[in-house]
Each structure stands twice: as structure tokens, then as C-alpha cells.
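Asks: Return a 3D structure for these sequence lines:
(2 chains)
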2 protein chains.
Amino acid sequence: MSAEHPFLPELFAALPEGAVSSAAEDLKYYAVDQGPVLDLQLPLAVVWPVEVGQVQKVVRLAGQHGISVISRGAGTGVSGGAHATENSIVLNLERMNQILEIHPEDEVAIVEPGVINHQLNEAVRPYGLMYAPDPASYRYSTLGGNIATNAGGLRCAKYGVTRDSVLALDVVLADGSLIHTGHRTFKGVAGYDLTALFIGSEGTLGIVVGATVRLKYLPINSRTLAIFFQDFRTAAAGVLAVGKARIQPAIMELLDGASLVDIDQRMNSTLRARGGALLLIQTDGFGADAEADGIAAAVAPLGGTLYLEDPEEAHRLLELRRNSRGMDADLDTRVGEDIAVPRSKLVDYIAETELLAQRHRVNVRVVAHAGDGNLHPTFWIEEASDEGIERLNKALDESVELALTMGGTITGEHGVGQFKLRWLGQEIAPEVLALEHRLKRLFDPAELLNPGKAI
Amino acid sequence: MSAEHPFLPELFAALPEGAVSSAAEDLKYYAVDQGPVLDLQLPLAVVWPVEVGQVQKVVRLAGQHGISVISRGAGTGVSGGAHATENSIVLNLERMNQILEIHPEDEVAIVEPGVINHQLNEAVRPYGLMYAPDPASYRYSTLGGNIATNAGGLRCAKYGVTRDSVLALDVVLADGSLIHTGHRTFKGVAGYDLTALFIGSEGTLGIVVGATVRLKYLPINSRTLAIFFQDFRTAAAGVLAVGKARIQPAIMELLDGASLVDIDQRMNSTLRARGGALLLIQTDGFGADAEADGIAAAVAPLGGTLYLEDPEEAHRLLELRRNSRGMDADLDTRVGEDIAVPRSKLVDYIAETELLAQRHRVNVRVVAHAGDGNLHPTFWIEEASDEGIERLNKALDESVELALTMGGTITGEHGVGQFKLRWLGQEIAPEVLALEHRLKRLFDPAELLNPGKAI
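Replies: This is a model prediction of the structure:
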């Protein structure tokens, strides 16, 4: 697009000073999120609206000129869902960051999309409440981004994913109109569940400009168990043992030896010295102590070493886990996965993954939200080479196929974005994908909202 | 339609002996569910498929002849969602009643739509598991019907509604094709959330012929508190007191004096003698005792009389509550509502409802899933008369408007069906309804799937 194209001047004219940039460094910075970059495209501009009306204006103007709109929060996504595409602008919602209402008695809050997950939790904590979904990026990621990807997190096994905590949405559609979906009551079945349809649609059906979320009770008590095992497979067997005891932890994370080494190196911790794999479990609520005791008894036959963590150390361990992926973007030489399998397949999946990594001579480390069967293997090679990257990609492909063979999914919580499109057709049948494309065109006939993502 | 119309003979020919009926008594019996009947229409036939292929056949054949298909489970719905319409057949899925798979380690089951809610619970109980959504009709209603309405129940406050327990669906679309949506893992974000879109769509977007559901852990312990108060408003204040204590009961039901009288009369109980309103609370899990103690302390200042129920009496009380609506169909002279309000509005809503009932000289009794702010007022008049029915309808209209004014919804869990269409436009904006109609036509261009329902 040449500088004379009328879109950019119109865009600058339509918004206040400082709300639009076409500076090279902004275009470069906001061109990508933390996902692997397959096809780097710079946006034509970056826009920072501060109110719904500005979002509508931008969407309408972009529509008139056939410009794609890539909505974006903090850019912590790891599937390339917020990568710029050809002939696009990036609509950055980070400045719409107000918590508009908190209703402690109704246990709901109304937020703008740029509110940081952590910020909401801090704001509702004095009322004895929490916003439950806690992606590892919770200190940085926005609720709008969490909603776009139906983000999960550590507490999902007990408290559900983002969809389970969002009651209503305000959404700007492709024609610039604003709609409201859902209800602010806990239950509500009037009309189709458009709220759920938008959640996880990665900005391809509309742009979320507001959300009414349900808050849950801050647990009165919590207990954290760090159980170190000799090897990862035994730790995974511990997950099944906890399930078999029918005890529902709030958090049940699994980290392999390579992940412990990685954390130790980056965070100056000494986890690997304590064992070859870590099963990190937190119980919470009024039954936290009894649940922790039950879990300790359930895993005892597996011979791990159990540490009862004091609250401070427990917090530190969980933060280490949250940082296990690092805040680094994926690279050519290192890609994190996000598959999920039925829980009974955890041990098998891990065993097979270790073998396939060996077979392709790539490194692998694995962390898992084990309570959900959601695994994050990270595959990497030491140095970039065409041959190495080919091996890496083969390992990725096989690890995803393996999950599907076991009845799993290609993405448990990160979203398909741009990067996982290559596997989507292996999970979703052609007729269902065709239906989803028809849905997409119903909402966005010109296909300008985050094109080439999610489906 | 005359007897010579080719559809009926073709339908009979297409299915095995005994799978189709056009007998007058069947047409009459299956013409309606338990919702109010505004416009009685007999179906042309009733069909009982036993396998997916038969459903596809019926849908295709009906499509060729422009016949509407009303899918139906046990017919316990109370919004007329399964009422026959003009030129329709009733597709009764009760004979597709097999639990196909139970995976105790994965905590999932795969079921046909005609499986009774209770039947699934009995089947998974030996594994220490339960299917959490428990509409009051759980002993009779089918999982397909529960899914069609996104049914709630007593345990929703803690365990969520039907949508929160359904992972994947098999759906026959209007063209007779079969699709599979969702995933059998607890988490999964590949593609749009079609599963949630079908749930609660009341058979208007497709016909659910199979479901993969997530099971939860049977609680190790439970405690039931029956707290009787002098009046309903104080009991409702008790709900807020429990919320303020940030204790999450599994069940928190509210029954007013008139409901207690009604139960006593029908069930030979003596509840009303114990107080003017009942707050019935169950805690469960490892923290059940501590939670019950906390709840008792939280409501103590309100001066109710607390009974700690032994398990048998607790079960009986909950069954009485589940029968509080009776299994009777709605009548001209008696209509049950299903509104929900933000929890802080419970007391106000109840006070206003009592006043409006007086104003219109109609009777009212109220039960509520109070933990969810979901109220079921039943309005009735003693004898049918045009003038009386007009007063009844005014009271209904006002009670619904009141809920909307308070930020509530016209239906918390029963569905819109046919009966609540009159209020739908007050809750959902025209542009959103228009969008939902476009969605409907995308899935069902000829509008033959349960027409005139839900949206």
C-alpha cells in the first residue's frame, strides 16, 4: 500500500492524537505475538482505542477500505493468533483497561478488554473473591486476550476455563455495530449461546470490547504438596492415583526433569536436585487439609518424596511453574506444544513423546496441567539448520498426531492461531470446518477480522 | 395434510415396524410437553428411532417433504419447547437410551440422547463419579432434553449447568448429515465452540444424537441444613449472608410458605408447621462439615431455626423440593416462571413479586435455586375465567419485567421454548435476535427443525 492510499490519513484523522502509529518500531513490535512466526507481515498501523466508539470507528473505516483488523491484548499468545497479516492494522486494546464495576454481593465484575488478569484479581481480593482462570501469563495477559483464546491455566481442573467464568460480552461486529450477548446472572438460557461462540474465536467473529465475568470465592485455606519422583512416568502415574482417590485438587502440575533444570538455570532454584520429576499439587477451600492428606496417602505407594510446602515456598514454586515456559517468544529452534489427552493416557503419551524425541534427535521437556490432561511439551534443537528444523517439525507433527490418536486435541488452551492451522484438519472433520467457515462468513462476510486464524 | 400425501407412507416404509405411529392417541400424547399450550397442534406422526441412521433418514425425508421435525426426550420441559407445530412430526429419542461408554479413569461417559439423567448417575456411582447437572426432573428427563435446554438444577451453584458438563456432541443437521463437535478431553479450543452453540438451542439448530459428558467426583461427605424462618424475605437474606461468608454450598434452595403448604398437601409432609419459609442448604466434599458450621454461624443473626438433617431426612427433604413444582403440566390457570436475578436482588425481587401478586389478585408461591439467583415463582388463580386469566397473564408479564429491570433474565434454565417468546424481545436486542435468526437459517435454511421455538 502506497503512502497515498487514503486509509492511513483517514485513520489518523478519525482518532485522537497518539491513538494511531505507523512508526516503524511500532509496526515491527506489534507485528507478532509470542507464537512462531511463519510469515512475518508488518501492519499498516497500530491503533490504541480508549473507548468502544473508537473501536467501532476503526472497524468501519477498515471495512470501507478492505483492511484487515487484528485485535490484540498484551500479545502473550503463543499460537500467532495476534500476528499481523497482509494489508492489516493491529487494534491494540491495552488502553481500554478499566474495571468498570465490581459487585461483591452479585459476585460479578464488568471489565474492559485490556484489564490485566492479575489486576482484576487484585481488585476483587479485598472482597474475598477471585477471577479463577489463571493462565501462566496472568501477570501480563489481558482478559480480552484470555477470552479470545478461551484461556486455561493452573486452576482449571477445579474452577474451569475462561468460558466458565464469562457471563456476558460486548462485541463490535465486522460492520462496526455493537452487540451485547449473555446475561449477568449466573444462569441464563434466553437465545443462543453467542457468548460461548465468541469465546475462543480469536477475534475472527467480532472484537470483544467488554465482559461481565463471574467471580469465585477466594479459598479460605490452601495446602501445597511438592512430590518429587525419580522419573516422569511415575509422577504421571501419581496423577492417575489422585484421580482414582476421587479428590479434586485446585492445581495439579507435572514437570519433568528437563523442565526443572531449565527453571533452575533461569530462576536460580534447586528443584532438579530434589528429584527427576515434580508433581505439584495444591488443594484449597475448607477441605484443603483433608484433601492434601488424602492425596499424600494416594501417591505414597509410588515412592516419591513428599514436601509439604509452607505458603511462601508454595507460592514461589507455583510462580516457578508459571515461568517454566519463560516469557520468550517461540523460535525457529524451539516450539512449545499444547496438546491434551484423556487423563488415562498421560503416562503413555509421555512415554511415547520421550521416544519420538529421541528418534528425531530433538530435545524435549514437558510440563502439564495434569489435572486436565493438558500437556505442554517444548521441543528444541541446539542450533538452527534446515535439517534440524525439519527434524523439529517432524517431532512436532508426530507429537500432535500421537495426541489425536489417543483421543486428544491439538490445543487445550492456547488456541489454533496461525501456527496450529496445519494440524486443525486432522482434528476437525472437513464438513465441520466448512460449517465453521460459513459461520465466520456470516459474522464477517468480507473476512477482515483476523483472517487466516483459528479455523 | 390428506392421507394420500406421500410423506406418511414413505416414513412408515423407511423405518422398521413399531418405529412410527400415526395413531390418534400417540399424536395427542406427544403433541405437547409440560409447558403451557398456546396453540395445540397434533403432529402427523411420532417416530422412535433407535439409531443415528434412522434419525438421518427421518430428517432427510421430512426435509424432502417440507415437514417440520420436533425432537423430544421425555417431554418434561415446561416451556413448550417440544410442542408439535403445524405440519410436523415428533422425533422421540427416548429409545436411543444406551450408555455407550464409561471411562472411570478419564472421568467421561458417552451416551445416547434418550438416557435418563438418573440412569447415568446410577451407572457411574460405583466408580465414585456423578453427572452433576440435576434438574428437578432428573428421574425422568433425558440427557438429550437436558442438553437441548442447557438444563440447570439444584447443584448448579457449585457444579455448573449442563453446558459445563458436556464436552462433545454428535448432531444430525437439517440436511441429514451427521457431525461431531467438541473434544473428549476436559479442555480443548480447536475451532469454534459449536458444542456450546447447540447446547440450549432447543433442537432448532440440529438434533443431538450423542454426547460425551464429563463426570465429577461423588462427594465423600455431605451435610444438610434446613433453616426455617418466619418469612420468606428473611430466608432470602440468609442466602446473601451465606454468600457474604464466601462459602459455596452445593445446594441452596429457598421455599416460601405457600410452597411448603403445597408440598405438605401433596406429599404428606409437615414442613409448614416448622416455619414460614425454608432455606435448604447442602454442603459437600471434604469441607462439608466446616462449611456447614460456617453457614450456620453466618445465618444465625437472622434468627431462623436450624435443623441439622440426618442423611435420610436430608434426602427426603431434597426430593420434596424437587417435587415442589409437581410433575403436572402447566395449565391455563397456573404457570410456573423461571427468572433469574443478580443475587443481591433476591430479597427485593421477592418483596415486589408478593406485592404484584396481591395487586393482580393472583396466588403466588416461590421456590428458588437461591445460590444462582434463579427463582421459580408459580402464579395461579383458583378458577378459569377470561378476566382471571388476564390478571394471571398481567402478573406473569410484570414478574418477568421486574426481573429484567433488576438485570435479570426471562429464563434461567427452562428455556424459551414457545411460551417465553413473548418476552424474549424484552431481553435480547433486535439486532442480536436478528443475528440469531441468521444463525438459525445457516444451520436450517428451510426452518424445519423445531420452528417457532427458542429465538
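Asks: Now for A:Pro126, how many residues are close by?
Replies: 10 (other CB atoms under 10 Å in any protein chain shown). C-beta coordinates here come from the backbone N, C-alpha and C atoms, glycine included.
Asks: Go through the helix or strand containing A:Gln265 and flag the buried ones.
Replies: Using DSSP states H and E, A:Gln265 falls within helix A:257-267. Neighbour counts using 16 or more other CB atoms under 10 Å in any protein chain shown place A:Gly257, A:Ala258, A:Ser259, A:Leu260, A:Asp262, A:Ile263 of helix A:257-267 among the buried residues.
Asks: For it, enumerate the helices and strands it packs against.
Replies: Packing contacts for helix A:257-267, counted by 3 or more CB pairs under 8 Å, 6 or more residues apart in numbering or on different chains; DSSP states H and E, involve strand A:277-284, helix A:311-322, strand A:363-369.
Asks: Return the most buried member of the ones you listed.
Replies: strand A:277-284 (a mean of 27; mean count of other CB atoms under 10 Å in any protein chain shown).
Asks: shaky segments in chain A?
Replies: A:1-4, A:325-329 (pLDDT under 70).
Asks: what domains does the record give for it?
Replies: Domains of chain A are assigned by automatic domain parsing as A:7-92, A:99-217, A:222-322, A:334-416.
Asks: of these, which approaches B:Gln426 most closely?
Replies: Ranking those by proximity to B:Gln426 (CB to CB) places domain A:99-217 first, at 9.7 Å.
Asks: Next, the closest residue to chain B within the stretch 101-250 of chain A: secondary structure please.
Replies: Closest contact between the stretch 101-250 of chain A and chain B, by CB to the nearest CB, is at A:Ala196 (3.3 Å). With DSSP: H, G, I helix; E, B strand; the rest coil as the basis, A:Ala196 sits in helix.
Asks: Tell me who's in contact with it.
Replies: A:Arg163, B:Arg163, B:Asp193, B:Ala196, B:Leu197 (CB atoms under 8 Å, 6 or more residues apart in numbering or on different chains).
Asks: Which one of those residues is nearest to A:Thr212?
Replies: A:Arg163 (13.3 Å).
Asks: The longest helix along chain A vs chain B: in contact?
Replies: Looking across chain A with DSSP state H, the single longest helix is helix A:386-405. No - judged by CB under 8 Å from any CB of the partner chain, helix A:386-405 stays clear of chain B, getting no closer than 8.8 Å.
Asks: before we move on, the earlier item: out of the domains of chain A, the one nearest B:Ala277 is which?
Replies: domain A:99-217 (20.1 Å).
Asks: how far is the closest one from where the chain is centred?
Replies: Averaged C-alpha coordinates place domain A:99-217 at 13 Å from its chain's average position (CA atoms, centre = their mean, to the nearest Å).
Asks: Repeat that for stretch A:290-302.
Replies: 30 Å.
Asks: And the contacts of that stretch?
Replies: By CB under 8 Å, 6+ apart, stretch A:290-302 touches A:223, A:225, A:227, A:229, A:234, A:237-238, A:241-242, A:244-245, A:247-249, A:279, A:281, A:283, A:306, A:308, B:286-287.
Asks: Tell me which of the residues you listed fall in strands.
Replies: A:Arg223, A:Leu225, A:Ile227, A:Phe229, A:Leu279, A:Ile281, A:Thr283, A:Leu306, A:Leu308 (DSSP state E).
Asks: now the angle between strand A:363-369 and the longest helix of chain A, please.
Replies: Going by axes from the mean of the first three to the mean of the last three CA atoms, to 10 degrees, helix A:386-405 is angled at 30 degrees with respect to strand A:363-369.
Asks: C-alpha coordinates for helix A:386-405, PDB please?
Replies: In PDB, the C-alpha atoms belonging to helix A:386-405 read as follows (Å, rounded to 0.1, in the frame of the first residue of the first chain):
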ATOM      1  CA  ASP A 386      17.400 -26.700   7.800                       C
ATOM      2  CA  GLU A 387      17.900 -30.300   8.600                       C
ATOM      3  CA  GLY A 388      17.500 -29.600  12.300                       C
ATOM      4  CA  ILE A 389      14.300 -27.600  11.800                       C
ATOM      5  CA  GLU A 390      13.000 -30.400   9.700                       C
ATOM      6  CA  ARG A 391      13.600 -32.900  12.500                       C
ATOM      7  CA  LEU A 392      12.000 -30.500  14.900                       C
ATOM      8  CA  ASN A 393       8.900 -30.200  12.700                       C
ATOM      9  CA  LYS A 394       8.600 -33.900  12.300                       C
ATOM     10  CA  ALA A 395       8.700 -34.300  16.100                       C
ATOM     11  CA  LEU A 396       6.000 -31.600  16.500                       C
ATOM     12  CA  ASP A 397       3.800 -33.300  13.900                       C
ATOM     13  CA  GLU A 398       4.200 -36.700  15.400                       C
ATOM     14  CA  SER A 399       3.600 -35.400  18.900                       C
ATOM     15  CA  VAL A 400       0.300 -33.800  17.700                       C
ATOM     16  CA  GLU A 401      -0.700 -37.000  15.800                       C
ATOM     17  CA  LEU A 402       0.000 -39.000  18.900                       C
ATOM     18  CA  ALA A 403      -2.400 -36.900  20.900                       C
ATOM     19  CA  LEU A 404      -5.100 -37.200  18.300                       C
ATOM     20  CA  THR A 405      -4.600 -41.000  18.100                       C
END
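Asks: How about it, which residues are buried there?
Replies: A:Gly388, A:Arg391, A:Leu392, A:Asn393, A:Ala395, A:Leu396, A:Glu398, A:Ser399, A:Val400, A:Glu401, A:Leu402, A:Ala403.
Asks: what's the helix or strand following that helix packed up against?
Replies: Using DSSP H and E, the helix or strand that follows helix A:386-405 in sequence is helix A:421-427. Taking 3+ CB pairs under 8 Å, 6+ apart as contact, the helices and strands that helix A:421-427 lies on are helix A:386-405.
Asks: Packing partners of the helix it packs on?
Replies: Using 3+ CB pairs under 8 Å, 6+ apart: helix A:386-405 touches strand A:339-340, helix A:346-359, strand A:374-380, helix A:421-427.
Asks: residues in contact with it?
Replies: Counting by CB under 8 Å, 6+ apart, A:332-333, A:335, A:337, A:339-341, A:349, A:352-353, A:356-357, A:360-362, A:364, A:375, A:377, A:379-382, A:409-410, A:423, A:426-427 sit against helix A:386-405.
Asks: Just want the angle from it to strand A:374-380.
Replies: 170 degrees.
Asks: Just want the angle from helix A:386-405 to helix A:346-359.
Replies: 160 degrees.
Asks: Next, A:Lys187: secondary structure please.
Replies: Classified using three-state DSSP, A:Lys187 is coil.
Asks: for it, what are its contacts?
Replies: Taking CB under 8 Å, 6+ apart, one finds B:Gly152, B:Cys156, B:Val161, B:Ala340, B:His369, B:Asp372, B:Gly373, B:Asn374, B:Thr409, B:Gly412, B:Glu413 in contact with A:Lys187.
Asks: circling back: I'd like the helices and strands packed on helix A:386-405 laid out as a markdown table, including distance to B:Glu312.
Replies: Shown next, in a markdown table, are those (distance: least, CB to CB, whole Å):
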| stretch | distance to B:Glu312 |
| --- | --- |
| strand A:339-340 | 41 |
| helix A:346-359 | 40 |
| strand A:374-380 | 41 |
| helix A:421-427 | 48 |
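Asks: which one of the ones you listed lies closest to B:Val172?
Replies: Of these, nearest to B:Val172 by CB to CB is helix A:421-427, at 21.0 Å.
Asks: secondary structure element for A:Ala123?
Replies: Counting by DSSP H and E, A:Ala123 is part of helix A:117-124.
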